[in-house]
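# Show me how the following folds:
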Amino acid sequence: ITLPGSNIVNGDFENAKILLRSFAEFQDTDPASKREGRVPNFVTVDQVQYASIDGTWWFVRALDELWRQSGDDDFAKEMAPVVYRAVAGAMKHAVDAEMFITHGDGETWMDAGGEENPYSPRGNRAVEPQALWHRGLLTAARLAERFPDTADPEADYAGWAATLAKNFHEKFWVDGRLVDHLNPDGSPDLQVRPNGLLAVMASPTLVNEGQRGVITSLAAGKLVKPWGVLSLDPEDPFFHPKHLDLDNYYYDEAYHNGDLWLWLSGSYVSALNHPRMGFGQTRMLLDEIMDEGAVGTLQEIRDGAEAASNDEFGGATSQAWSLAELLRNVVQDYAGLKVDLTADPPTVTVKPSLPPSWTDLKVRTRIGNHDCRLEGDPARPETLAIRFARRPPQNWKFVLVAPDGSRREGAAEVDRAAPPDWDFLVIWK
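Modelled structure (predicted):
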């Protein structure tokens, strides 16, 4: 979850590869294991856990994001067998006849209480694992197409993804909205939770623009508060308004039944058709970084009910995925930088959705092996400039999508008035 914001959108590709390799080394390769193919969600010096159904597919999503922005085919080919084993293990042990990936009640990120005593049971087909599984299958299909000598020729990754998508739309859309999970008997669970937002973030191609609007409108009406995004609708009888209320319940009961998770603000912003409309969430996070809690960082959770102070509620005082999602939003959603160097031709798209309160925008990152800067006037997003320290490859395609949806293509040319060491500027035609 953290890697795209912490190491990819800023161009820190080498550390991203180190982190992915370190988890790939612990992939369960035992054919007799029901968790065959899983990448661990937790590794310490004396413990390796394979306790989540989604950790493997967050891993694959991070790999896909890295491959697209770095264009590193060598690393993608190195990791391809890890992805294929993950798919094969899931097909063998966890995938049902409708191509849904199945799991226990406590095997999603809403795992308080674990499998023994799950406080937020979501078995056996939750919405965001399906989207992650869909993204995983699409990634496997692209890897197999790019490196045909590495893949099982009998594996129909793209076909499986299409079947999953078809059944997903038939079973998970109920009465005009996306449901949180399907119960073991096939009935839809109608609790309102934020996991539809995660599904959009996990596999954006799984839903269309209208469906994104439905998902974000429901979240905005039920879950999104000025102090963050709730884990459960306050009108739900299982809603716990405070994390620490030991006279009434054990705190784990509140974790995913009312507690507000700061990392969820990132998926809300990303799911919006116009991310700038979610800037209130980002503004709230920036306020905490500067003025509340531990200065310079973000905590894990807050109470579901509005509190007088945001200094401490339990949970982690500094949480990596809370910070990483904020950083990812700035680059991918507000600046609107979307890179796919695996496409033909390699494509760099900029679709700015800049908050009107911003007076300036400067983002530094890497695309492939090229350092670059995005900068411009938020009041005039069509002027957003991309500068490179070295000339990018001539086959790269640059596209600027304006707020009205119009598209312009560009090319990197020498800028005689460039700042030192930033000699190449993308000129929009």
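# Packing partners of the worst-scoring helix or strand of the chain on mean pLDDT?
Every helix and strand of the chain was ranked by mean pLDDT, DSSP states H and E. The lowest is strand 42-43, at a mean of 92. With contacts taken as 3 or more C-beta pairs under 8 Å, 6 or more residues apart in numbering; DSSP states H and E, strand 42-43 sits against strand 48-49. For glycine as for every other residue, the C-beta is placed from the backbone atoms N, C-alpha and C.
# After the strand it packs on, which helix or strand is next?
helix 55-70 (DSSP states H and E).
# After that following helix, which helix or strand is next?
Next helix or strand after helix 55-70 toward the C-terminus (DSSP H and E): helix 73-93.
# Could you list the low-confidence segments of this structure?
Residue ranges of the chain with pLDDT under 70: 310-313.
# List the contacts of the least confident helix or strand of the chain.
Contact partners of strand 42-43, identified using C-beta atoms under 8 Å, 6 or more residues apart in numbering, comprise 22, 23, 26, 48, 49, 51.
# Pull out the buried residues from those.
23, 51 (16 or more other C-beta atoms under 10 Å).
# Closest to residue 347 out of the contacts of strand 42-43?
Comparing these against residue 347 with C-beta to C-beta picks out residue 23 as the nearest, at 28.8 Å.
# and the closest one, what element?
Here residue 23 is assigned to helix 13-24, by DSSP H and E.
# Quick one: list the elements packing against that helix.
Using 3+ C-beta pairs under 8 Å, 6+ apart, helix 13-24 is in contact with helix 3, helix 55-70, helix 73-93.
# how about those helices, which one is nearest residue 364?
helix 55-70 (13.7 Å).
# Going by neighbour count, list what's buried in the closest one.
In helix 55-70, counting by 16+ other C-beta under 10 Å, buried: 55-70.
# what's the answer for stretch 412-424, then?
So for stretch 412-424, counting by 16+ other C-beta under 10 Å, buried means 412, 415, 422, 423, 424.
# Throw the contacts of strand 42-43 into a markdown table and include distance to residue 160, thanks.
A markdown table is the format used below for these (distance: C-beta to C-beta, whole Å):
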| residue | distance to residue 160 |
| --- | --- |
| 22 | 28 |
| 23 | 24 |
| 26 | 26 |
| 48 | 28 |
| 49 | 27 |
| 51 | 25 |
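# right, and the pair among the contacts of strand 42-43 with maximum separation?
Pairwise over the contacts of strand 42-43, using C-beta to C-beta, the maximum falls at 22 and 51, 18.0 Å.
# so what does the helix or strand containing residue 265 touch, helix or strand wise?
Element membership for residue 265 (DSSP H and E) is helix 264-271. On a contact count with 3+ C-beta pairs under 8 Å, 6+ apart, helix 264-271 meets helix 195-202, helix 209-222, strand 228-229, helix 279-291, helix 320-328.
# ranking these by burial, who's on top?
Burial of the helices and strands packed on helix 264-271 is given as mean neighbour count (mean count of other C-beta atoms under 10 Å); helix 195-202 ranks first at a mean of 27.
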